[in-house]
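Asks: here is a sequence together with a model predicted from it:
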Amino acid sequence: MSENTKKCALITGGSRGIGRAICLQLAKDLSYHLIINYKGNKAAAEETLKLVEEIGGSGEIMQFDVVNESDVKQKLDDWHANNEGVVIEVIVNNAGITKDMLFMWMTQKDWAPVIDTSLQGFFNVTNHLIQKLLVNKYGRVINLVSVSGLKGTPGQTNYSAAKGAVIGATKALAQEVAKRNVTVNAVAPGFIKTDMTGELDEKQLKKLIPSNRFGEAEEVAHLVSFLASDKSSYITGEVININGGIYS
C-alpha cells in the first residue's frame with residue numbers, strides 16, 4: 001500500500017460526548033481523515049467536524065443508523081465507490097444508548113433498542129468492513145463498552161447485557177484476525193461527564209469512586225487514540241477499564 005494512500009478512521013456516534021472527544025484526539029494525535037458518523041443530530045456532527053478542522057485535522061460527516069444493516073451497507077458502499085483506493089484502517093464503535101429502569105418494569109421497547117445499538121451496531125459496521133482490514137493486513141477495531149458490561153449495574157440490565165455481549169465479541173474476533181495485524185480491543189469507561197450521565201447525582205455517586213470524581217471524555221479519548229495507533233500493536237482482545245478504580 002502506498003504511503004500516499006488516504007487513510008481513514010470511522011467513529012460511530014461521533015457527534016457528541018465521548019465520540020466527539022475521540023474525534024478531536026485522533027485529529028491531534030494521528031494523521032487519519034475522520035469519518036464522523038451520526039444518526040440524527042446533523043448540527044452536532046457538523047460542529048464536531050468544525051472543531052476537528054480548527055485544530056488542523058480533516059474529516060467528513062456520514063449519516064447512518066448503526067442498527068439499520070441496509071443503511072450501513074449502502075452508505076459505506078457509496079462512500080467506497082466515491083473514494084476508490086481509500087482505506088478505512090480504524091473503526092471506533094462508539095454508538096450506544098441507555099434506557100435505564102428496573103428489569104421487572106422493562107418492556108421490549110426498552111430492551112431491544114439498547115441491545116441493537118451496541119451489539120447489532122457493532123456487527124453491522126465491523127462485519128461490513130472487516131474483510132477490507134484483513135486484505136489491508138492492518139487495522140484497529142476499538143469498541144466502547146462500559147463498567148456495566150463487566151460487573152453489571154442495577155437498573156441497567158439491558159445496557160449491561162449489550163456491553164457484556166460486545167466484550168465477548170471483542171475477545172473472540174481479536175483471536176480470528178490477529179495474524180493479519182488487526183487488533184480488536186474494548187474500552188470500558190466508568191462514570192464519565194457527558195450528556196448520558198448528566199441526570200445522575202454526581203455528588204453522591206463520586207463517593208463510590210476511589211478517585212472521588214467523574215472522568216472526563218478527553219481521558220477516554222486519549223486511551224482510544226493510543227489503541228488506534230501503531231504503538232498498541234501487541235495489545236489485542238483486551239478490555240481496558242477507565243473508571244477511577246470503581247471496578248477492576
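Replies: That came in fine, so what should we check first? Remember, it's a predicted structure, so these values are computed and weren't measured experimentally.

Asks: after the lowest-mean-pLDDT helix or strand in the chain comes which helix or strand?
Replies: When the helices and strands of the chain are scored by mean pLDDT, DSSP states H and E, helix 202-205 comes last with a mean of 76. Next along the chain after helix 202-205, taking DSSP states H and E as the criterion, comes helix 217-228.

Asks: show the average pLDDT along the helix or strand following that following helix.
Replies: Counting by DSSP H and E, the element after helix 217-228 in chain order, helix or strand, is strand 239-242. For strand 239-242, mean pLDDT rounds to 97.

Asks: give me the contacts around strand 239-242.
Replies: Strand 239-242 is contacted from outside by 145, 147, 150, 167, 170-171, 185-190, 215, 219-220, 223, 227, 247-248, using C-beta atoms under 8 Å, 6 or more residues apart in numbering. (C-beta placed from N, C-alpha, C; glycine too.)

Asks: from the residues you listed, list just the buried residues.
Replies: 145, 147, 150, 167, 170-171, 185-190, 215, 219-220, 223, 227, 247 (16 or more other C-beta atoms under 10 Å).

Asks: give me the residue at the spatial middle of the protein.
Replies: When the chain is reduced to its mean C-alpha position, the closest residue under C-alpha atoms, centre = their mean turns out to be residue 94, at 2.2 Å.

Asks: go through the contacts of strand 239-242 and flag which are in strands.
Replies: Per DSSP state E, strands hold the following members of these: 185-189.

Asks: read off the pLDDT value for the residue of the chain most remote from its centre.
Replies: Centroid-distance maximum for the chain: residue 104 at 29.4 Å, with C-alpha atoms, centre = their mean. At residue 104, the model reports a pLDDT of 97.

Asks: distance of it from residue 154?
Replies: 11 Å (C-beta to C-beta, to the nearest Å).

Asks: then residue 86?
Replies: Counting by C-beta to C-beta - residue 86 and residue 154 are separated by 45 Å.
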